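Q: Sequence and predicted structure, then a few things I'm wondering about:
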Amino acid sequence: MAKIEERDRNIKAGGPMAGTDTGTEDKENGGLRVTAKERFKQFPDEENPAGSFKRSFPHRPGQGRRGRSFGLAAALSLILLAVPALAEEGSTSKETEKKKHAWTGEIETGLIYDSNVFQAKSKIESDLIWESAFSLAYRPRKTRWSGAAVLNRYLQIQELNYSFFEVGGERPFGEKYYGSLFLQFSPPASLDKEDPTLPTIELRSAGFTAQIDRDLTSWWNTGLSVTYNRLDYNADFDAKDTDLVRLGLPQTFRPALSWRLSIDYAVEAGSAKGGAVPIDGEAVRQDNASYRAQAGGVQISYRFASPLMVRLRYRVRQKVFTTDLPEDVEPIHAGRRDTNHLLLIGLRYQPFPKILIRARSEYLWRNSSDSAVEFKETLYAASLAYFF
């Protein structure tokens, strides 16, 4: 098998890449699905959005862009720290106090151990990732505006460093309906290790997620979400450019004060541009990664005491590649069917009102009609968050 073809099979076929097997579909608030109502009201057990973007876009900025990403992150950090301080200055009138308390934010940092960063069957590589997340929200009246940034830095395989940004708003509509709209963006970044013998694969992504949910009863909330994402590869791999659309039907149940059950189902379609991509030397091959997918998950959480909560989650996703090209022309995707599984256990402990400790363990594995893309992966993560 050609060297670049093997890399393409392992990474692009659903490894750490936006909008596919472990990407935006699982982008939930710390793993706990938060309804638009809860995000707006900021329930005590809400997981902050800044903790939700892990593994959405695992890639690093390309040459000439690394400084820009760090510069943007630094500027955002200054804003996050400066805005609350500025709000405290000046008049102490009631109006000033009201505006001051309309601002909220969070800074979080932690470490993630990933046993298989490329989700490969062979030549497995592990790494330790430093993840930092920043979020800021402003709710003057009914609408809650917010922005967040996530920066992931791999300690060994630094080519995989990546950043993710999101801005949006949410608000109630009447007494039972709540809606939200968020825009997401990830700067151009590499998806693989640098190799002078192979062309670099880079990806950037932009899109949005809209959600509306309704309280059917005092203990049952039902929702509808729509996600669009544009995956834009560098010039050598334009054939992989993909428009992704996902429709989700999340359900949340609260049978008791301490218990919470979340069930979700989603259908997804990815339409790839298709065409020729380079392989070793000057040769090219045909590539078409268009697909259809469906996914479902269930999560149960329990609050043992006021500061401690545990959650258990399972999710399965079936993906069928839909290219009409024969396998001898398109060997990576033609006729392939993947089934990805995720099993997660998480803890959150809040010893003080402004301090939150999160920890989780994840086990992921894939079964496929193409045994070359099957993998197993384990992640361990712990983080510390500060609210202001």
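A: Yep, it's here.

Q: Could you list the low-confidence segments of the stretch 101-250 of the chain?
A: Within the stretch 101-250 of the chain, the ranges that satisfy pLDDT under 70 run 101.

Q: And stretch 326-340, what's buried?
A: Using 16 or more other Cβ atoms under 10 Å as the test for burial, stretch 326-340 gives 330, 331, 332, 333, 334, 336, 338, 340. (Glycine included, C-beta is placed from N, CA and C.)

Q: from the residues you listed, which ones fall inside strands?
A: Of the positions in the buried residues of stretch 326-340, 338, 340 sit in strands, assigned by DSSP state E.

Q: Can you show me the helices along the stretch 51-200 of the chain?
A: Secondary structure of the stretch 51-200 of the chain (DSSP state H, counting those that start in this stretch): helices at 66-88, 94-100.

Q: Out of those, name the one with the poorest average pLDDT.
A: Of all the helices of the stretch 51-200 of the chain, the minimum mean pLDDT falls on helix 66-88 (a mean of 40).

Q: For the stretch 151-300 of the chain, which segments count as strands?
A: 162-173, 177-190, 202-215, 220-233, 242-248, 251-253, 259-272, 275-278, 284-287, 291-305 (DSSP state E, counting those that start in this stretch).

Q: what's next to the fourth one, contact-wise?
A: Going back to what we said before, that points to strand 220-233. Residues from elsewhere that reach strand 220-233, judged by Cβ atoms under 8 Å, 6 or more residues apart in numbering: 18-19, 24-25, 35-37, 184, 201-216, 240-254, 266.

Q: Same question for the longest one.
A: By Cβ under 8 Å, 6+ apart, the list of residues contacting strand 291-305 from outside reads 25, 31-33, 45, 257-270, 309-322, 333, 342.

Q: And these, which of them are buried?
A: 25, 31-33, 260, 262, 264, 266, 268, 270, 309, 311, 313, 315, 317, 319, 321-322, 333, 342.

Q: Let me see the contact set for residue 337.
A: 318, 319, 320, 321, 368, 369 are the contacts of residue 337 under Cβ under 8 Å, 6+ apart.

Q: Adjacent strands (with direction) for the strand or helix carrying the second one?
A: With secondary structure defined by DSSP states H and E, residue 319 is part of strand 308-321. For strand 308-321, the paired strands and their directions (DSSP bridges) read strand 291-305 (antiparallel), strand 337-352 (antiparallel).

Q: of all the strands of the stretch 151-300 of the chain, which lies closest to residue 152?
A: strand 162-173 (5.4 Å; Cβ to Cβ).
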